[in-house]
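quick one, what's the 3D model for this:
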Amino acid sequence: MRHIHSGKVRDLYEDGDSLLLVASDRVSVFDVVLPTPIPDKGSLLTQLSNWWFEYFADVPNHILSTTDVPAEFAGRAVRVAPLKMVQVECIARGYLSGSGLKEYERTGSVSGIALPPGLREGDKLPEPIFTPTTKAAQGHDEPMTFDDVVRQEGRFVAERLRELTLGVYSRGAAYAAERGVIIADTKFEFGWDGDVLTLGDEVLTSDSSRYWPADDWEPGRPQRSFDKQFVRDWATSTGWNREPPGPEIPADIVAGTRRKYVEAYELITSRTWSGS
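Next up is the predicted model:
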């Protein structure tokens with residue numbers, strides 16, 4: 001195998017005609033990898049994502065095998081088809097939070113989409129919206145409008161990215177709601193497998209999405225979460241300027257974060273996390 005890329009969380013290896021996508025225990029916030037790992041995080045994310053890939057079996061995806069991987073990567077790696085990645089982070093938002101909230105407070109819109117006045121943090125939007133960003137090799141991703149995506153990728157591709165993003169998000173959010181979980185927003189990555197636009201990377205994990213317990217949802221305040229927002233909130237409280245290097249994570253925050261990843265996995269999959 002040949003190591004060809006390290007992302008914030010995942011490492012990519014070339015292995016013959018396929019690729020191995022290996023999830024580490026690294027955690028990133030504000031596009032910066034923090035120096036402290038979260039135990040089992042790579043396995044939890046991989047197995048939750050694999051569950052969702054099976055759920056969305058009708059959507060073309062890059063998975064070739066979830067088991068044909070080297071023993072040292074078992075549980076946290078998948079064998080995938082190489083894709084020519086689209087240089088757009090495809091984000092769906094069903095609720096107002098995070099950077100979308102900040103943009104709405106400044107402009108009354110998100111990614112050029114005008115929203116009703118008077119919305120509060122955590123409010124459900126009238127309908128899910130497509131709010132893409134750039135894919136920065138280094139540093140921070142930047143917001144894009146739909147017209148920006150049209151200019152970069154062409155109208156047909158832009159419309160297909162929006163359709164797939166909102167379709168997968170809406171279906172996933174509806175399922176999660178039955179499990180007592182609100183998926184407030186999420187990001188997807190797509191690439192070309194020949195001439196087929198294909199879902200890659202990860203799907204609706206607690207790293208790529210905001211997971212909120214439905215029974216605790218209360219607009220107008222920050223929401224309790226099952227995702228790495230727990231780490232974001234802690235990092236913000238330290239006064240860190242969001243530039244590298246990031247701060248070391250204390251043991252209690254590490255343990256609390258791991259518990260939240262486990263809880264999200266168990267709620268969505270109805271499986272007990274065994275630590276494998």
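
burial count for Arg2?
By other C-beta atoms under 10 Å, the residues close to Arg2 number 7. Just so you know, the C-beta spots here come from the backbone N, C-alpha and C atoms, and that holds for glycine as well.

what do you get for the one 5 residues further on?
When neighbours are counted by other C-beta under 10 Å, Gly7 registers 15.

which residues touch the residue nearest to Ser65 when sequence neighbours are not counted?
Nearest residue to Ser65 in three dimensions, chain neighbours excluded: Arg79, at 4.3 Å (C-beta to C-beta, 6 or more residues apart in numbering). Contacts for Arg79 (C-beta atoms under 8 Å, 6 or more residues apart in numbering) come out as 15, 18-21, 63-66, 68-69.

one more: Asp40?
Going by C-beta under 8 Å, 6+ apart, the list of residues near Asp40 reads 25, 258, 261-262, 273, 275.

for the residue nearest to Ser65, give me the pLDDT.
Arg79 is assigned a pLDDT of 98 by the prediction.

using the three-state scheme, assign it.
Going by DSSP: H, G, I helix; E, B strand; the rest coil, the secondary structure assigned to Arg79 is strand.

how much space between it and Glu142?
Using C-beta to C-beta, to the nearest Å, Arg79 is found at 32 Å from Glu142.

what does Thr238 give?
25 Å.

burial of the residue nearest to Thr269 when sequence neighbours are not counted, as a residue count?
The shortest distance from Thr269 to any residue other than its chain neighbours is 4.9 Å, reached at Trp51 (C-beta to C-beta, 6+ apart). Trp51: 18 surrounding residues under other C-beta under 10 Å.

what about Trp51, distance to Val59?
For Trp51, the distance to Val59 equals 14 Å [C-beta to C-beta].

where does pLDDT dip in the stretch 1-150 of the chain?
Residue ranges of the stretch 1-150 of the chain with pLDDT under 70: 136-140.

could you pull out the helices for the stretch 151-276 of the chain?
155-178, 229-237, 251-269 (DSSP state H, counting those that start in this stretch).

and Thr205, which of those helices is closest to it?
Closest to Thr205 of the helices of the stretch 151-276 of the chain is helix 251-269 (C-beta to C-beta; 8.2 Å).

now the closest one: mean pLDDT?
95.

tell me which other helices or strands it touches.
helix 41-55, strand 181-193, helix 229-237 (3 or more C-beta pairs under 8 Å, 6 or more residues apart in numbering; DSSP states H and E).

hang on, the earlier thing: the residue nearest to Thr269 and Leu267 touch, don't they?
No: using C-beta atoms under 8 Å, Trp51 is not in contact with Leu267, being 11.5 Å away.

spell out which residues make up each domain of the protein.
Here the domain parsing of the chain from automatic domain parsing is 2-80, 84-257.

end-to-end on the last one?
Looking at domain 84-257, the gap from its leading to its trailing residue is 33 Å under the measure C-alpha to C-alpha, to the nearest Å.

ok, now stretch 64-77?
11 Å.

in that stretch, what's buried?
Buried residues in stretch 64-77, defined by neighbour count with 16 or more other C-beta atoms under 10 Å: 66, 69, 73, 75-77.
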